[in-house]
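A.B. asks: Okay, sequence plus prediction incoming.
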Amino acid sequence: MEAVIEVKNLDLVYDDFVVMRGLNFNVNKGEIFIIMGGSGCGKTTLLKAMIGLNPPQKGKVLYAGVSFWDGDEQGRQNIMRRFGVLYQGGALWSSLTLGENVALPLQLYSNLSGLQIQDLTLLKLGLVGLGGYADFYPAELSGGMRKRAGLARAIALDPDIIFFDEPSAGLDPLSAKMLDDLILELRDNLGATIVVVTHELASIFTVGDNAILLDADSKAAIAQGSPKYLLANSKDPRVIKFLTRGKSKEPENEKSQ
Amino acid sequence: MSSEKLSFDYSKSKTLQLKLSGDWQLSAGLPSVNEVLAQLDSHADITEISFVASQDFKWDSAFISLLLKLSSISKQKNIRITVQGLPPQVEKLLKLTPAQAEKIIPHKIIEESFLDGIGSRVIEVKVTIFSLLNFLGDIVLAFKRLACGQVFFRKDDFFAIVQRCGIDALGLVSLISILVGIILAFIGAIQLKLFGAQIYIADIVGIAMVRVMGAIMTAILMAGRTGASFAAELGIMQVNEEIDALKTLGVSPVEFLIMPRVLALVMMMPLLTIYADLMGIIGGFVISTGVLGLNPVEYSNHTITAIKLSNLWLGLIHSFVFGIIIAVAGCYRGMQCKRSSVGVGEATTSAVVTAITAIVIATAIITFVCQIIGV
Ligand SMILES: Nc1ncnc2c1ncn2[C@@H]1O[C@H](COP(=O)(O)OP(=O)(O)OP(=O)(O)O)[C@@H](O)[C@H]1O
Ligand SMILES: [Mg+2]
C-alpha cells in the first residue's frame, strides 16, 4: 500500500517537558487512521507536529516521501495546501459568518466564480447539517454546531488529507453517528485520507482502518494496528483496558481471581 | 476554457448529452451552469439530460455543487437528469447532500428604516447610560463590601495589577513628563524673554505641571496603556466564557476582576502624577539652567514659592478622578465585549476613546468649578 504520511522517530517535546518519544507509523492512502489515547497523552500535540504547527524536536514527517520540516517554506506551503484540519475547539474565525468561514479558503485557493463559491459553501454547510445557518456568526451557535461548521471549513477545498481533532466531542450520539458516516463517505467518494484523533470507542471501531494508541505513562505508542484486531488479539492489559472502557476481558478476570 | 471541458451532443432525440472531459476540480475552475441553460433555451424540446464522462474526467465536490444547481433548475423545467454516465461515487454523494435548507436569518440582520435607525440609536444611548450607572453601582457596592471585609479576590492578582499599572509605567511617564516640562519651559521663554522676566519660567513650569499638566499627561498615557489592557483582558475573558465560569462559581466578576483593577489604578494614579510633576519640573529646570542660562538656585527658589499647596491638592484631585475614569471605562468596555475577535478590538478602542473624552470633560468641569470658587 502507498503511504501518504510517514512518521519516523518523532519526539514531541514542550521546552523540556517530554510528551512522546520515538513515534513511528505510516498512514496509507485512502485509509482512516485513528490516533487514540487518554486525555492529555499528547494526541493534539502529535497532530500539531504532523500538520506543521509545532516543529518536532527530533524525527521526520514525510508526505508522499517528501520531508515536511526539511524542505523550505514554499515546499511546506504546498504540502499544507493539501490539508484540511478540524481543530479541537472548532477554531472558527469569530468575526466572519459561517458562510464566510467556509468561503474564505475557496476564495483563496480555487478558480471558481463568486456564485459557484456561494453554492459550494452552502453544499458543504448542508453536508454537516447547517444548511440554513450561513449568515450566523460563530458566537451565535451551540458548541456542537461550531464543531460541525469547523468540519465544513476543513473540507471546503476537498483536501487529500483531512485531520480531525476530536470530531465527535460535544456532539449528541446521533450527530456523532452522522459524522462517522460522513467521514466514511468522504473517504469512499472523494478518496481522502483521514487522520482522526478521538477516544470515542464507537467511532474508533466503526470508522478506524488503522490506529495508534498513545500512552502518557510510558510516553510512547503502546499499540498499532486495526482497532478490531487490537481488541481481539492484544495481550497488553493497558490496550484491552482502553478499548473496553476499563472492563477487561472476562477470561482474564477469571484467571486473576 | 470551458468549451474544451464541456461539449453538447443532440444525437438522441429530446436528450441533451453533456460530454465531460478534463479537470473539473475546484482548483482548476468549472464551466458555469449558464452554458447548459443556454443550450436548454435554444432546444426547447429537451426532456432529458444525460452525461458521458471521458477517461481523463476529474471531479470533486465543486462538480457536485454544479450538478445540484443544474438539477434544481431542470426540475422546474420538467427535465429529467440521468447520472448513469458519471462515476458511481457521484450518485452516492448526490444522495448524501440534503435538500437545500431554508435560510435562517439571524435577528440583527433584519433591516430597519432610517427613522427607526435614529430611534434605536437614541434608545441605545439610554440603555448605555443605565447599564453604565448599574455598573458604577455594582462597583460602589463591591467597595462597600470591601470596607466590611466581605469580598473575595486574590491578593496576588491585585499586586500584579498594581505592579503593571504602577511601577511598570514609570519609564514611559518619566519620558513624557520630562519632555512636557521642556516644552513648557521653551514656550514660556519665547514670551518672557520680551520682558526680561525669564525667571518666571520656573513659575509657569511648576504651576502648570503640578496643577494640571502632570495629571493629564499621566492620565492619557494610562488610558492608552492600562485602560486598553483592562478592556482587552476582560474582553478575552468574556470571549472564552471565563467570566461565565466565575459567575457559576458564585464569584462576582465585579469583586473578583473589576474592583482590584479600579482600586489599583486609583491608588497608583496620584503617585504617578506626583512623580510626573517632579519629572516635569526637572525637565524645565535642566533646560532653563542649561540652555536658557538661568541661575539654578534662583530658579529652585522661584519654583518652591510658586507652587502653593492648593495647586498640589488640585492636581491630586484631578489624578484621582482620572484614575476612576480610566479604570471604569476600561472595565466597562471589557465587560460589554462582544464574543468575537473584532469585539475585543472594539472594546479596547472604545475604552481608550471613552477614557480620553471623559478625562477632557472632567478637566473642563474641575477647572470651571475652581474658577467659581476661586482656587
Ligand atoms: N503549549 C503547551 N506547552 C506546554 N505543555 C503543553 C502545551 N500543550 C500541551 N501541553 C502538555 O502536553 C501534554 C499533551 O497535551 P495534548 O494537548 O497533546 O493532549 P491530548 O492528548 O490532545 O489530550 P485531550 O484528549 O484532552 O485533548 C499535556 O500533558 C499538556 O499538559
Ligand atoms: Mg487534544
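C.D. replies: Structure received. Ligands and ions are numbered 1, 2, ... in the order given.

A.B. asks: got the end-to-end distance for stretch A:7-26?
C.D. replies: The first residue of stretch A:7-26 is 6 Å away from its last residue (Cα to Cα, to the nearest Å).

A.B. asks: Flag the shaky bits of the stretch 1-150 of chain A, pLDDT-wise.
C.D. replies: In the predicted model, the stretch 1-150 of chain A carries no residue with pLDDT under 70.

A.B. asks: count of residues packed around the nearest residue to B:Leu292 once chain neighbours are set aside?
C.D. replies: Distances taken as Cβ to Cβ, 6 or more residues apart in numbering or on different chains place B:Ala189 nearest to B:Leu292, at 5.5 Å, with adjacent residues excluded. In this view, the C-beta of every residue, glycine as well, is placed from N, C-alpha and C. Close neighbours of B:Ala189, defined as other Cβ atoms under 10 Å in any protein chain shown, add up to 18.

A.B. asks: Report the secondary structure element holding B:Ala189.
C.D. replies: Following DSSP states H and E, one finds B:Ala189 within helix B:170-195.

A.B. asks: ok, whichever residue of chain A sits closest to ligand 2 - contacts?
C.D. replies: For chain A, the residue closest to ligand 2 is A:Thr44, as judged by Cβ to the ion, at 3.1 Å. By Cβ atoms under 8 Å, 6 or more residues apart in numbering or on different chains, the contact list for A:Thr44 reads A:Gln88, A:Asp165, A:Val197.

A.B. asks: can you tell if the helix or strand encompassing it touches ligand 1?
C.D. replies: A:Thr44 is part of helix A:43-50 when elements are defined by DSSP H and E. Yes. Helix A:43-50 reaches ligand 1 (Cβ under 6 Å from any ligand atom) through A:Lys43, A:Thr44, A:Thr45.

A.B. asks: And stretch A:239-248, by the same measure?
C.D. replies: No. With Cβ under 6 Å from any ligand atom as the criterion, ligand 1 is not reached by stretch A:239-248; the gap is at least 12.5 Å.

A.B. asks: Tell me the buried residues in that stretch?
C.D. replies: A:Val239, A:Ile240, A:Phe242, A:Leu243 (16 or more other Cβ atoms under 10 Å in any protein chain shown).

A.B. asks: And stretch A:2-19, by the same measure?
C.D. replies: A:Ala3, A:Val4, A:Ile5, A:Glu6, A:Val7, A:Leu10, A:Asp11, A:Leu12, A:Val13, A:Val19.

A.B. asks: and what of stretch A:174-192?
C.D. replies: In stretch A:174-192, counting by 16+ other Cβ under 10 Å, buried: A:175-176, A:178-180, A:182-183, A:185-187, A:189-190, A:192.

A.B. asks: what does chain B have sitting close to chain A?
C.D. replies: Taking Cβ under 8 Å from any Cβ of the partner chain as the criterion, chain B approaches chain A at residues B:25-30, B:32, B:60-62, B:64-66, B:68-69, B:89-90, B:92-93, B:96-98, B:100-106, B:109, B:239, B:338-343.

A.B. asks: on that earlier part again, could you list every helix and strand in contact with the helix holding B:Ala189?
C.D. replies: Applying 3 or more Cβ pairs under 8 Å, 6 or more residues apart in numbering or on different chains; DSSP states H and E, we find helix B:170-195 packed against helix B:201-208, helix B:214-222, helix B:259-290.

A.B. asks: Pop the domain breakdown of the chain in here.
C.D. replies: Answering for chain A, as no chain was given. For chain A, automatic domain parsing gives the domain ranges A:3-82+A:162-255, A:90-158.

A.B. asks: Chain B is the one I meant
C.D. replies: B:2-104, B:111-151, B:152-373.

A.B. asks: Can I get the helix holding A:Thr44 in PDB? Just the C-alpha atoms.
C.D. replies: The C-alpha trace of helix A:43-50 is given here as PDB (Å, rounded to 0.1, in the frame of the first residue of the first chain):
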ATOM      1  CA  LYS A  43      -2.700  13.400  20.700                       C
ATOM      2  CA  THR A  44      -3.200  17.100  19.800                       C
ATOM      3  CA  THR A  45       0.500  17.700  20.200                       C
ATOM      4  CA  LEU A  46       1.200  14.900  17.700                       C
ATOM      5  CA  LEU A  47      -1.400  16.300  15.300                       C
ATOM      6  CA  LYS A  48       0.100  19.700  15.500                       C
ATOM      7  CA  ALA A  49       3.500  18.300  14.700                       C
ATOM      8  CA  MET A  50       2.000  16.500  11.700                       C
END
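
A.B. asks: Check which helices and strands the helix or strand following it sits against.
C.D. replies: Next along the chain after helix A:43-50, taking DSSP H and E as the criterion, comes strand A:58-63. Packing partners of strand A:58-63 (3+ Cβ pairs under 8 Å, 6+ apart): strand A:3-14.

A.B. asks: Need the residues that contact the strand it packs on.
C.D. replies: So strand A:3-14 is contacted by A:18-29, A:42, A:45-46, A:49-50, A:54, A:56-65, A:160-161, A:193, A:195 (Cβ under 8 Å, 6+ apart).

A.B. asks: Got phi/psi on the residue of the stretch 201-350 of chain B found nearest ligand 2?
C.D. replies: As assessed by Cβ to the ion, ligand 2 sits closest to B:Asn240 within the stretch 201-350 of chain B, at 16.7 Å. Per-residue torsions, B:Asn240: phi -80, psi 10 (degrees, to the nearest 10).

A.B. asks: and of the buried residues of stretch A:239-248, the nearest to A:Thr97?
C.D. replies: Closest approach to A:Thr97 among these (Cβ to Cβ): A:Phe242, at 39.8 Å.

A.B. asks: Could I get the full set of helices for the stretch 51-200 of chain B?
C.D. replies: For the stretch 51-200 of chain B, the helices defined by DSSP state H, counting those that start in this stretch occupy B:61-76, B:88-96, B:114-147, B:155-165, B:170-195.

A.B. asks: oh, I was asking about the stretch 51-200 of chain A
C.D. replies: A:73-80, A:98-109, A:114-127, A:143-154, A:173-190.

A.B. asks: Mind telling me which residue of chain B is nearest ligand 1?
C.D. replies: Proximity of chain B to ligand 1 (Cβ to the nearest ligand atom) peaks at B:Asn240, 15.9 Å away.

A.B. asks: related to what we said a few turns ago, so among the contacts of strand A:3-14, which ones count as buried?
C.D. replies: Neighbour-count burial (16+ other Cβ under 10 Å) is assigned, among the contacts of strand A:3-14, to A:19-21, A:23, A:25-27, A:42, A:45-46, A:49-50, A:54, A:56, A:59, A:61-63, A:160-161, A:193, A:195.

A.B. asks: Now for B:Gly334: which residues touch it?
C.D. replies: B:Phe230, B:Ala231, B:Ala232, B:Glu233, B:Leu234, B:Gly235, B:Met237, B:Gln238, B:Ala347, B:Ala351.

A.B. asks: Could you confirm it falls within a helix?
C.D. replies: Yes. The assignment for B:Gly334 is a helix, going by DSSP: H, G, I helix; E, B strand; the rest coil.

A.B. asks: So which residues of the stretch 151-257 of chain A form strands?
C.D. replies: Assigned by DSSP state E, counting those that start in this stretch, the strands in the stretch 151-257 of chain A fall at A:161-165, A:193-197, A:210-215, A:220-225.
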